[in-house]
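Chemist: A predicted structure for the sequence below; I have some questions about it.
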Amino acid sequence: MCGIIGFTGYSEAKNILLEGLAALEYRGYDSAGIAFFHDNRIDTVKTTGKVSSLRDKAVLSAGISSTCGIGHTRWATHGGVSDINSHPHTFGKVTLIHNGIIENYHELETELAALGKFPVSQTDTEIVAMLLDSFYEGDAVAAIKKAIPRLEGAYAFCILFSDEPEVIYCLRNGSPLVACHAKEGSVIASDMVALIKYSREYFVLPELHIARLTKENITVTDLNDNAMTPKMLYVDWDMTAAQKGGYPHYMLKEIHEQPESLRSTIMPRIKNKLPDFTADGIPDQVFDGISRIIITACGTAMHAGLVGRVMLERLLRIPVAVEIASEFRYQDPIIDKNTLLITISQSGETADTLAALRLANKHQAATLSIVNVKGSSIARESDYVLYTHAGPEIAVASTKAYTAQLSCLYLITYHFALIRGTITESECTAYMEQLQTIIPAVEKTLTLTDAINKICTNLADKEDLFFIGRGLDYALSCEGSIKLKEISYIHSEAYAAGELKHGTLSLVTEGIPVIALATQSKVYNKMISNIREVRARDALVILITNGDLEVDSAIYDYRIALPHSDDVMTPFTTAAVLQLLAYYTSVHRGLNVDQPRNLAKSVTVE
Ligand code: G6P
């Protein structure tokens, strides 16, 4: 989703803005632009397409021509993808960039039209520039404060006022903004990936507070003009973590980082062979009085929830529902103080997940989140947070965050099953030993890379494909399917294998690939029968199963043999295989693996 960068300081702003936008590219966008002070006026350069096209368009000089500006990558919501709709937008003395959606923009537009003011673009953002300009009488803060009550929706703005060179005003409500002051000057951005070059210390701009960035410092005031000092946060990764490190794509790098991210997420939480959340500040009483668990999330994070449900219900014996956050928030859900809402999010900023969390908070449910980005909105607004230590995830398709989320769900299950007495201490110790075996098991799975790459040459020209599985394998099928469709653009569906006869089998014809997951011994024979059914219709079967099983070779075309692990641990190794299948299929189709068309990494608008 839209990326924001603002800089005022002692270096060439254009370079810093373009570098910042390049770092934010991973969020997903279709146009880009910058505006900067130059000779006491504001110049704007914007274009559809990539940041590299913007760089070509912006005339870069060797010396310093500007030291203050704002930059934006736009992911179109209101108004098509065009140069004119790209940000920044200027009206009168105001130039701004925006991430979010102003829901009442049409009403504001009508009011402004009555005053004889008309926009040139089709965006909600330009309307805000017009509104601010109409309120501006030489005092930027006063104009912003007048505009706020008129704005409905989520937003993060960086604003330049032509009367105040070298100053940037910022405001947010819902959409993220983080800022730091470094020796180069003051920098603000949508996320840390654009700031890390300057500082590992930063703060999250509190909602409905106004930040004023100058070369010397950043001041933050509330809407009554009271100055406040935001809490400083520290990132525990450095710039190299956000680079490709020799891999052709971020996604491949992140797939290979999984043993490490699992290690960092699991190991610090083991004490005396048992799970321990003391350092996370999660008390043992979290599940006291809880009669129902709801897991809510979007995309891949929601698929982690599907695995979590199986684990939690199996060992805690508490009913668990998994809900897509965008559905959950509008279905008048039954939530009360005996409900525990678990939200899962890599970014911690997904608009629908955040809204679901706020709904649960409003109903006084207990809230626990599993989040990767420290200090993000979801983390801050949850009663408790269990961080995944996956480091920055840049590829749009989530990989290492997913398996780290799974590991958190397993830790939660084991810890609270022990607290609730549904498992014994020795059982818990045994489960924890098993959990640690996934680290070498995933490492071993990643040695299958070349074999999986070869199999993918058979998928690259296909247009439809199915994933089938039962139980945990069905949850993994959902994840495999989304991974493949988002980056290879092949239509794919995940089906509970037992449901085949109720629909999908009519679509299985000669050569249609069926990726069959058969890792669960309890339903293994049933699964083999389902595979025979698709085989009988001449499907191209790719079987994923444990390596130590004897399988009739007549039922598959290709077999991917997982390293040995207990049934309950196969989601980790299976996930790695499915990620590689999606990755190499996309590579063979010659697509942009890391930034698939139309998709965004961090979905900060509804
Ligand atoms: C987007 C991303 C997905 C991600 C989902 C949820 O759709 O492309 O990879 O799974 O958002 O994001 P979150 O940050 O909440 O995990």
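Modeler: Nice, thanks for sending it over. Computed from a predicted model, the values in this text were never measured in an experiment.

Chemist: who in this protein is up against the ligand?
Modeler: Taking CB under 6 Å from any ligand atom as the measure of proximity, the chain contacts the ligand at 298-301, 345-347, 350, 353, 396-398, 599, 601-603. Quick note: C-beta positions are derived from backbone N, CA and C, even for glycine.

Chemist: Name the member of these that has the highest neighbour count.
Modeler: Using other CB atoms under 10 Å as the neighbour test, those are led by Ser345, with 33 neighbours.

Chemist: and that one, what are its phi and psi?
Modeler: Reported as degrees, to the nearest 10, the phi and psi values for Ser345 are phi -160, psi 130.

Chemist: Touching, it and Thr296? I think so.
Modeler: No: contact criterion CB atoms under 8 Å: Ser345 and Thr296 do not qualify, at 9.7 Å.

Chemist: shared neighbours of these two, which are they?
Modeler: Both Ser345 and Thr296 are in contact with Thr353, where contact means CB atoms under 8 Å, 6 or more residues apart in numbering.

Chemist: coming back round to it: pick out the most distant pair among the residues of the chain next to the ligand.
Modeler: Maximum pairwise distance among the residues of the chain next to the ligand (CB to CB): 17.8 Å, between Thr353 and Ala397.

Chemist: Just say helix, strand or coil for Asn458.
Modeler: coil (DSSP: H, G, I helix; E, B strand; the rest coil).

Chemist: for whatever residue of the stretch 351-500 of the chain ends up closest to the ligand, what are its contacts?
Modeler: Closest contact between the stretch 351-500 of the chain and the ligand, by CB to the nearest ligand atom, is at Ser398 (3.7 Å). Listed by CB under 8 Å, 6+ apart, the contact set of Ser398 reads 299-301, 346.

Chemist: repeat that for 7 Å
Modeler: The contact partners of Ser398, by CB atoms under 7 Å, 6 or more residues apart in numbering, come to 300, 346.

Chemist: what's the answer for Thr519, then?
Modeler: Counting by CB under 7 Å, 6+ apart, Thr519 touches 473, 544-546, 562, 567, 570, 574.

Chemist: Give me the phi and psi angles of it.
Modeler: phi -110, psi 0.

Chemist: before we move on, back to that, hmm, which of the contacts of Thr519 are the buried ones?
Modeler: Listed as buried from the contacts of Thr519 are 473, 544-546, 562, 567, 570, 574; burial here means 16 or more other CB atoms under 10 Å.

Chemist: Counting neighbours, what do you get for Gln364?
Modeler: Counted with other CB under 10 Å, residues neighbouring Gln364 total 12.

Chemist: Which residue is the nearest non-sequential neighbour of it?
Modeler: Lys337 (4.8 Å; CB to CB, 6 or more residues apart in numbering).

Chemist: quick one: that neighbour is in a helix?
Modeler: No: Lys337: not assigned to a helix; according to three-state DSSP it is coil.

Chemist: mind starting the numbering at 35 from now?
Modeler: Fine by me, first position is 35 from now on; the one you just mentioned is Lys371.

Chemist: burial of it, as a residue count?
Modeler: Lys371 is flanked by 11 other residues according to other CB under 10 Å.

Chemist: Bridged to Asp77, which residues?
Modeler: Note on Asp77: beta-bridge partners by DSSP bridges are Phe70.

Chemist: Can you report how many residues neighbour it?
Modeler: Residues lying near Asp77 (other CB under 10 Å) number 17.

Chemist: And Ser86, how far from the ligand?
Modeler: Applying CB to the nearest ligand atom, to the nearest Å, the value for Ser86 to the ligand is 22 Å.

Chemist: Find the helix or strand that that residue is a member of.
Modeler: Ser86 is part of helix 85-91 when elements are defined by DSSP states H and E.

Chemist: Packing partners of that helix?
Modeler: Applying 3 or more CB pairs under 7 Å, 6 or more residues apart in numbering; DSSP states H and E, we find helix 85-91 packed against helix 47-58, strand 65-72, strand 75-82.

Chemist: picking that back up, so what does the residue nearest to Gln398 have for phi and psi?
Modeler: In terms of degrees, to the nearest 10, the main-chain angles of Lys371 are phi -70, psi -10.

Chemist: same thing with Tyr444?
Modeler: Torsion angles, degrees, to the nearest 10, at Tyr444: phi -70, psi -40.
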